[in-house]
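Asks: sharing a model that was predicted from the sequence below.
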Amino acid sequence: MLTSIAKWVDIDEVLTLCALVTRPRYYSIVFDMKIHNPNDFELDPKTLRSLARGDMDPVRRAVEEHRSNTLPAAKEPQTTAKSPAKTPVAPKSDPRANKDLAKANRNSPAAPVQTAKKAEPKKADAAESEEDRKRQYRETLAQRNQLAQILRECEALEVMNYEVLAIKHYPQTIDLISARRRRDLWLLSCLLSFAVFLIGWQGGLNAWVAGIAFGFFVALSALAIPPLRRIFIKSAGYSELVRQRKELEFRAITHIRMLEGGNGLAYQCLMMSPYRKSLLDRRYRRLVTLSQQGQLIKAMRTVAAIRLYLQYLLEAQQAFEVAKNKYMEASAKIKTEFADLVLSES
C-alpha cells in the first residue's frame, strides 16, 4: 500500500510539473486567439474569467480527475499528545432558547445558591463603603472640633482695634527735638529778661531798661498758658507732645492686655500656622515666646514693638478667616452628607 501511494505521489508531481510548463503556453495561445483573431469564436466574460483563473486548463483538469479516481478518501486527523485536538465550534444559540434556559435555571434549586454567592461580594463592598463613610465622618468631625477650638481661642481677633494699635498720630522724634529747642529758648529768654529787671531794680541800669525787661518777662511768662500760646504759636509744645505720646502708648498697651487675656492671644494664634505660614516667621518668635510666658506687656515699651504686634495680629486675622471658612465647610458637609450618622449618634 505504501508503494502504491508513493507511485501516486510521483505521478502527481509529474503532472504538476507538466502543468507548470504548459500553462503559460496555454494562456498565451488562448489570449492570442482572442486578441489577434476576435472573430474566430466568441467568449463571454464568465468564460474569460475562468480562463484567467485556469479553471479550463486541460492539464489541471486531468490532474484533478486523476486524484479523484486514484487517491483514497482523506482520513480525519487523529489527535495526539503533540497535536492537540481542535475544539468544536459551538453553534449559535437562539436568544429565545437562552431566555427559557435562564428561567429554568432560576426555578431550579441551585439558582438561590448562585444568587447568594453573587450577593455576598456586593454586601462586602457595601460594608466597606459604609466603613469608609464612617471614617470620613469621624475625620470631618475631628477637623471641625479642632477648628472650633482655634476659633474659640482666637476669637479676640475680631475685636482688635487697628487704629489704637497703629498709633497713626504718634509724635515723631524730630517733632520732640524741635519742641524741646523752642522750650529751651523760651526759658532762656525768660531768665535773661528777669535778670535785666533785677539789675535795673538794684540801680545798675536805667529805670526804663528795667521796665522793658520786666514787660518782656511778663509776656514770655504768659506763653506758658496753653490757650494763649496757641494764639501765637500753632505747633504743640514739648510737654503736650510728651503727654500725647504717653496717652497713645497707654491706650495701645491697655488694648493689648485686653486681647492677650490669660492664655496669650499671640501664642494661641500659632495654631493657625497651617493656614498662614508667615506666622512662623523668625521676627515673631520672641513675641510668641513672651506671650506664652505671660510677659508680653512688659516688653511693649516702644512703638516699634507695638507695631510688630499689630503686624502679627494682621497675619493672624487672615489665617482666622481661612479657619472660619473651613469650619463652615466642615459643618455644612456634616449636615448634608452625614445627617443619618449624626441622628444615629444622637
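Replies: Everything's here; your move. Numbering: from 1, shown residues only.
Asks: any weak-confidence spans in the stretch 51-200 of the chain?
Replies: Low-confidence regions of the stretch 51-200 of the chain, defined by pLDDT under 70, span residues 51-59, 62-63, 66, 70-128.
Asks: helices or strands next to the helix or strand hosting Ala332 in the packing?
Replies: Taking DSSP states H and E as the definition, Ala332 sits inside helix 303-337. In this structure, helix 303-337 packs against helix 111-153, helix 162-166, helix 238-260, helix 265-268, helix 285-293, with contacts taken as 3 or more Cβ pairs under 8 Å, 6 or more residues apart in numbering; DSSP states H and E. All C-beta atoms are positioned from the backbone trio N, CA, C, and that covers glycine.
Asks: okay, the angle between that helix and helix 238-260?
Replies: What separates the directions of helix 303-337 and helix 238-260 is an angle of 30 degrees, with axes from the mean of the first three to the mean of the last three Cα atoms, to 10 degrees.
Asks: list the buried residues for helix 303-337?
Replies: Across helix 303-337, burial judged by 16 or more other Cβ atoms under 10 Å covers 303, 305-306, 308-310, 312-313, 315-317, 319-320, 323, 326-327, 330, 333-334.
Asks: which non-adjacent residue is nearest Ser221?
Replies: Sequence neighbours aside, Cys190 is the residue nearest to Ser221 in space, at 6.3 Å (criterion: Cβ to Cβ, 6 or more residues apart in numbering).
Asks: share the number of residues neighbouring Ala266, please.
Replies: Neighbours of Ala266 under the rule other Cβ atoms under 10 Å: 23.
Asks: give me the nearest residue to it, chain neighbours excluded.
Replies: The spatial neighbour of Ala266 that comes closest, neighbours along the chain excluded (Cβ to Cβ, 6+ apart), is Ser291 at 3.6 Å.
Asks: for the one you found, which residues are in contact?
Replies: Neighbour list for Ser291: 260, 264-267 [criterion: Cβ atoms under 8 Å, 6 or more residues apart in numbering].
Asks: before we move on, what about Lys326?
Replies: Each residue near Lys326 by Cβ under 8 Å, 6+ apart is listed here: 143, 147, 275.
Asks: 6 Å instead?
Replies: Lys326 sits next to Leu147 when contact means Cβ atoms under 6 Å, 6 or more residues apart in numbering.
Asks: show me what contacts Lys246?
Replies: In this structure, Lys246 makes contact with no residue, judged by Cβ under 6 Å, 6+ apart.
Asks: got the helices and strands packed on helix 303-337 as JSON lines, with distance to Ala339 columns?
Replies: Putting these into JSON lines (distance: least, Cβ to Cβ, whole Å) gives the following:
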{"stretch": "helix 111-153", "distance to Ala339": "10"}
{"stretch": "helix 162-166", "distance to Ala339": "41"}
{"stretch": "helix 238-260", "distance to Ala339": "38"}
{"stretch": "helix 265-268", "distance to Ala339": "32"}
{"stretch": "helix 285-293", "distance to Ala339": "40"}
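Asks: what's the most buried one of those helices?
Replies: For the helices and strands packed on helix 303-337, the largest average neighbour count (mean count of other Cβ atoms under 10 Å) is found in helix 265-268, namely a mean of 22.
Asks: what's that one packed up against?
Replies: On a contact count with 3 or more Cβ pairs under 6 Å, 6 or more residues apart in numbering; DSSP states H and E, helix 265-268 meets helix 285-293.
Asks: mind checking the pLDDT average for whichever helix or strand comes after the helix it packs on?
Replies: The element immediately downstream of helix 285-293 (helix or strand, assigned by DSSP H and E) is helix 296-299. Taken as a whole, helix 296-299 has a mean pLDDT of 89.
Asks: list the buried ones in helix 296-299?
Replies: Residues of helix 296-299 classed as buried by neighbour count (16+ other Cβ under 10 Å): Leu296.
Asks: pull the residues that contact that helix.
Replies: With contacts defined as Cβ under 6 Å, 6+ apart, helix 296-299 is touched by 257, 290.
Asks: just stretch 207-216 next, same as before
Replies: Outside of stretch 207-216, the residues that reach it under the criterion Cβ under 6 Å, 6+ apart are 193, 196-197, 200-201.
Asks: just stretch 167-178 next, same as before
Replies: Contact partners of stretch 167-178, identified using Cβ under 6 Å, 6+ apart, comprise 241, 244-245, 248, 252, 303.
Asks: repeat that for stretch 196-204.
Replies: Applying Cβ under 6 Å, 6+ apart, the set of residues contacting stretch 196-204 from outside is 205, 209-210, 213-214, 217.
Asks: between which two of those residues is the distance greatest?
Replies: Across those, the two members that end up farthest from each other (Cβ to Cβ) are Leu205 and Phe217, 14.1 Å apart.
Asks: out of these two, which sits in the busier spot?
Replies: Phe217 (20 against 15).
Asks: the more buried one and Arg230, how far apart?
Replies: Going from Phe217 to Arg230 by Cβ to Cβ, to the nearest Å gives 21 Å.
Asks: can you list the domain ranges for this protein.
Replies: According to automatic domain parsing, the chain comprises the domains 2-70, 141-161+260-346.
Asks: which element follows the helix holding Ala332 toward the C-terminus?
Replies: That would be, after helix 303-337 and using DSSP H and E, helix 339-345.
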